[in-house]
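Colleague: Got a predicted model here, sequence first, then my questions.
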Amino acid sequence: MIVFMRLLFILGCALYGFFSEADWFGPLQLSDLPAVRAAVGLLLGTLIVSIDAFFKRFTVRNILAFILGTALGLLVHKLLMSVMASLNLPSEALLQFGTSSAVIFIYLGIVTILRGLEEFTLVIPFVKLDAKGTGEELILVDTSVIIDGRIADICETHFLAGKLILPRFVLKELQLISDSSDPLKRNRGRRGLDILNRIKGNPNVQVKINEMDFPEFNTVDAKLVKMAQVLNAKVFTNDYNLNKVAELQGVKVLNINELANALKPIVMPGELMQVKILKEGKEPDQGVAYLDDGTMVVVDNGRRRMGQTLNVSITSVLQTQAGRMIFARYSEEGDSPRGRTSRPEETRHQDAGAPRVQ
């Protein structure tokens, strides 16, 4: 629809130039040629549309702040000029003073409104001019990371800097999940609401609900990416697909799973570790154990040691998109001191009582 309106505007400018009889070129008398006037109108329309496309990267809030600041500056300039006109100054000096004051007060008006956005909210019918704060990092919160719950723990550790922005459409999705007929989904949704209340109760974290919406997009993920582009914000999620889509569109992502993987202890092949075999592996004679952080440890020769705690030697580490896997090997030599195999107690007793062969 916007593209159609732009094309219609350019066409209207060209038609206006074609039928207009205004003398745009003075003594050159080029305005007598309808084709030239149409070309000028077409160029002017294209220029205006290009300016509109350039300002697309700015939010409506910033554009309204610019307009309001300009109007405020011009108002102060008008009041000042009405006072100066009563002083009977020379017209040339009055003109120079008026030009300077207009530029100065427009600049001061725009800067004042932009800085004042942090202290007030300007409500216009169907438009809310809200504060963002200059230089402040904004973090959009996804539904998945709220339900996950670890975000509340991260907030309490003071490692998360910036303002958390909760879009209204994310909150609606969370409410729909909480009202689901599926007990599992309903419990996950209610857990997410509890996590939100926990975060909002943290005095060190600022959470703000944003009313911005994008009706042209059908999915929450698409709206999140678009909103991040508009606000120049980051997206906090643990959704793998959203992570990749956002990165493809140039949006920075804070992935809580990547953070968890980065915090896992580093292990090297050849190191020893102690694990408890919990279940059988896919391959013959393999056992599976888990570290405290959830990392899977696949142990060769561990199937017959189910339920036992073993000292195993790491053979390799595999990093995948889903996380990290550690492969290790168990050997009886690894359980005995200095790597020597322990013999049964009765064998040692028999050797102790047997005569030594010279």
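Modeller: Thanks, I have it.

Colleague: helix/strand/coil for Thr99?
Modeller: Three-state call for Thr99 (DSSP: H, G, I helix; E, B strand; the rest coil): helix.

Colleague: and it, how many neighbours?
Modeller: 11 (other Cβ atoms under 10 Å). (Each C-beta comes from the backbone N, C-alpha and C, glycine too.)

Colleague: ok, now Leu224?
Modeller: Neighbours of Leu224 under the rule other Cβ under 10 Å: 28.

Colleague: just the strands in the stretch 1-150 of the chain please.
Modeller: Using DSSP state E, counting those that start in this stretch, the strands found in the stretch 1-150 of the chain span residues 122-124, 127-129, 138-141.

Colleague: Would you map the helices across the protein?
Modeller: Along the chain, counting by DSSP state H, helices occupy 2-19, 34-54, 60-85, 91-116, 143-148, 150-156, 168-178, 183-200, 220-231, 240-248, 256-262, 345-353.

Colleague: Highest mean neighbour count out of the ones you listed?
Modeller: Using mean count of other Cβ atoms under 10 Å, the stretch among the helices of the chain with the largest mean neighbour count is helix 143-148, at a mean of 22.

Colleague: Which neighbouring elements make contact with it?
Modeller: Counting contacts by 3 or more Cβ pairs under 8 Å, 6 or more residues apart in numbering; DSSP states H and E, helix 143-148 packs against helix 168-178, helix 183-200, strand 234-237.

Colleague: Throw the helices of the chain into TSV and include distance to Ile314 and mean pLDDT, thanks.
Modeller: Output for these, formatted as TSV (distance: least, Cβ to Cβ, whole Å; pLDDT from 0 to 100):
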stretch	distance to Ile314	mean pLDDT
helix 2-19	58	78
helix 34-54	56	79
helix 60-85	54	82
helix 91-116	56	81
helix 143-148	29	90
helix 150-156	27	86
helix 168-178	41	91
helix 183-200	36	90
helix 220-231	38	89
helix 240-248	27	88
helix 256-262	17	79
helix 345-353	31	41
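
Colleague: could you redo these as CSV and give each row distance to Arg304?
Modeller: As requested, the helices of the chain are exported to CSV (distance: least, Cβ to Cβ, whole Å):
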stretch, distance to Arg304
helix 2-19, 69
helix 34-54, 69
helix 60-85, 67
helix 91-116, 71
helix 143-148, 37
helix 150-156, 36
helix 168-178, 44
helix 183-200, 37
helix 220-231, 47
helix 240-248, 36
helix 256-262, 31
helix 345-353, 21
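
Colleague: Figure out which of these is closest to Met296.
Modeller: Of all those, it is helix 256-262 that lies closest to Met296, at 12.7 Å by Cβ to Cβ.

Colleague: Show me what the closest one is packed against.
Modeller: helix 150-156, strand 323-329.

Colleague: Contacts for the last one, please.
Modeller: With contacts defined as Cβ atoms under 8 Å, 6 or more residues apart in numbering, strand 323-329 is touched by 257, 261, 264, 267, 273, 275, 291, 294-301, 312-318.

Colleague: Among the residues you listed, which are located in strands?
Modeller: 273, 275, 296-300, 312-318 (DSSP state E).

Colleague: Quick one: residues contacting Leu263.
Modeller: Contacts for Leu263 (Cβ under 8 Å, 6+ apart) come out as Asp293.

Colleague: ok, now how distant is it from Gly294?
Modeller: Leu263 sits at a distance of 12 Å from Gly294 (criterion: Cβ to Cβ, to the nearest Å).

Colleague: Spit out the residues that contact the two alike.
Modeller: Counting by Cβ under 8 Å, 6+ apart, Leu263 and Gly294 have no shared contacts at all.

Colleague: Low-confidence stretches in the stretch 251-358 of the chain?
Modeller: Where the stretch 251-358 of the chain drops to pLDDT under 70, the residues are 320-323, 332-358.

Colleague: go with 80
Modeller: 260-266, 292-294, 319-324, 331-358 (pLDDT under 80).

Colleague: What are the buried residues along stretch 196-214?
Modeller: Neighbour counts using 16 or more other Cβ atoms under 10 Å place Leu196, Arg198, Ile199, Val205, Asn210, Met212 of stretch 196-214 among the buried residues.

Colleague: List the residues that contact the second one.
Modeller: To tie it back to what came earlier, the one meant is Arg198. By Cβ under 8 Å, 6+ apart, the contact list for Arg198 reads Ala152.

Colleague: now do the last one
Modeller: In this structure, Met212 makes contact with Pro167, Arg168, Met227, Val230, Leu231, judged by Cβ under 8 Å, 6+ apart.

Colleague: List just the nearest of these to Gln286.
Modeller: Closest to Gln286 out of those is Pro167 (45.5 Å), distances taken as Cβ to Cβ.

Colleague: How about the contacts made by the nearest residue to the closest one once chain neighbours are set aside?
Modeller: Among residues not flanking Pro167 along the chain, Asn210 sits closest, at 5.3 Å (Cβ to Cβ, 6 or more residues apart in numbering). With contact set as Cβ under 8 Å, 6+ apart, Asn210 has these partners: Asp130, Ile165, Leu166, Pro167, Arg168, Met227.

Colleague: How about Gly41?
Modeller: Cys13, Ala14, Leu15, Tyr16, Gly17, Phe18, Ser20.
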